[in-house]
Every structure is written in C-alpha cells, then in structure tokens.
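K.L.:
model this:
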Amino acid sequence: SEDMDWGHAARKRSRGECVVNLECTLEELYTGTQKRFTIKRQVNGPNGMMEKDETITVDVVRGWKDGTRLTYQKLGHEVAGQGPESAADLVVVIKEAKHRWFEREKDNLIFQVPSISLRSALVGFKAKIPGIDGVELEVAFDDCTEAGSSRVVRNKGMINSRTGARGDVIVKIQKVTFPKHLTEKQKTLIKQAFSTTSS
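P.N.:
You can find the predicted model right below:
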C-alpha cells in the first residue's frame, strides 16, 4: 500500500468532506485494478486530537474516467472534542495520469504522429502503434495524406464502464516534412509524375 499524505492531497471541509486524489494510469483504467493506500486521519483520543492510520482499498472499475468520485462515509477527519459521528466523509477522486502516447477523449484514444515524410504523404504508408490492451495496431494511410488527416481504428479504445463497449483509436498526423533539397533527377521525375499532358 502507499501513503496518502493529507498535506499533498486536495483537502476541504465544506459539506463535511475530505478529498484525496488517486492517480491511475490509462492501462489501470482500461483493465481495472485494486489500489490500496493509507491516510492519516485526525481523530479524538484520550488526550486530545491524534493521528490514526486508515487503510483504504479502492476497486478501480475498468472504464472509469478522470474525475470519478468515490465517497467513504465517516472516514475523514473528526471535529476536535467530538466523537466518531463528527468525522467528515472521505472522497477519493480518480485522476488519470498523463500517458506516453495516448490522449483520452471519453472512450476514444488519440494517437498523434508527430510527422511523416513527403514521400509517405504522397504514396501512402502503414503505421504500427501499441494498443492499450497490449495488442499492436496497424493503420494504413493509402491515399494522399495532409497534415491534420486522421484514421480511425474501431473498437480498440477504452472500455465504457456502463456498457462494456470499446471506443475507437484515432491516429492523427500532425505534420508533413518536406525535403530540404531535391536533385535535378528527382525534380524531373516529379515533373513527369505530375504532368498534366499525356505523352
């Protein structure tokens, strides 16, 4: 288990709540997982207020989104001079960790390709990307591809926690890189390839 330090977690007492953030990776939110952590509660003891360790177990459901809130009644701090009934509720907020290559939009996953060559943009290419489920995806760009173009791989995104259906993976091309220099032969071949007159 890991320690959740109240000093490094979001805290509030309005509406009787103490709030902590629980970071989860996209993979953990895809598969579901169990996370255990310990908080230090302020409780009433025989000689005044004291700290008490409380271990919290969270069963993270596959498909949960950033901002999902879980409420554990009476597991927050107690009010000085009052009993356990004065304890605030503990609210655990799921926070999605930044991923190495995916951005999440609801149940869809966005994969940004930083740049492709002009050749690839003109004649097409195939991109292999890692899937969130561990299965590699192959995406074909068969037509001329402009910066900003995208391809959709159906049903390979995140799980929806309510329906069990999967979102899509959307592969986006950010930039087409032009060559800095062409030889005379290359220029001639390109002119021939794009000639508007028939021979």
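K.L.:
Can you point out the buried residues in the longest helix along the chain?
P.N.:
Looking across the chain with DSSP state H, the single longest helix is helix 184-193. Within helix 184-193, not a single residue qualifies as buried, counting by 16 or more other CB atoms under 10 Å. Bear in mind the C-beta positions are built from the backbone N, C-alpha and C, glycine included.
K.L.:
Same question for stretch 21-36.
P.N.:
22, 24, 26, 28, 29, 30, 35.
K.L.:
where are the low-confidence patches of the protein?
P.N.:
In the predicted model of the chain, residues 1-15, 196-199 satisfy pLDDT under 70.
K.L.:
Quick check: the farthest pair among the buried residues of stretch 21-36?
P.N.:
22 and 30 (16.1 Å; CB to CB).
K.L.:
Can you convert the buried residues of stretch 21-36 into a markdown table and add a column each for distance to residue 98?
P.N.:
Listed next are those as a markdown table, based on distance: CB to CB, whole Å:
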| residue | distance to residue 98 |
| --- | --- |
| 22 | 15 |
| 24 | 12 |
| 26 | 9 |
| 28 | 13 |
| 29 | 13 |
| 30 | 15 |
| 35 | 18 |
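K.L.:
Who is residue 19 paired with across the strands?
P.N.:
For residue 19, the beta-bridge partners are residue 91 (DSSP bridges).
K.L.:
Make sure it is actually in contact with residue 91.
P.N.:
Yes - Residue 19 lies in contact with residue 91 (CB atoms under 8 Å); the separation is 4.6 Å.
K.L.:
Quick one: the helices in the protein, in order.
P.N.:
26-31, 118-123, 184-193.
K.L.:
Let me know the closest of the buried residues of stretch 21-36 to residue 79.
P.N.:
Taking these together and measuring to residue 79 by CB to CB, the closest member is residue 22, at 24.9 Å.
K.L.:
Which residue, other than its chain neighbours, is closest to the closest one?
P.N.:
Excluding its sequence neighbours, the residue lying closest to residue 22 (CB to CB, 6 or more residues apart in numbering) is residue 92, at 5.2 Å.
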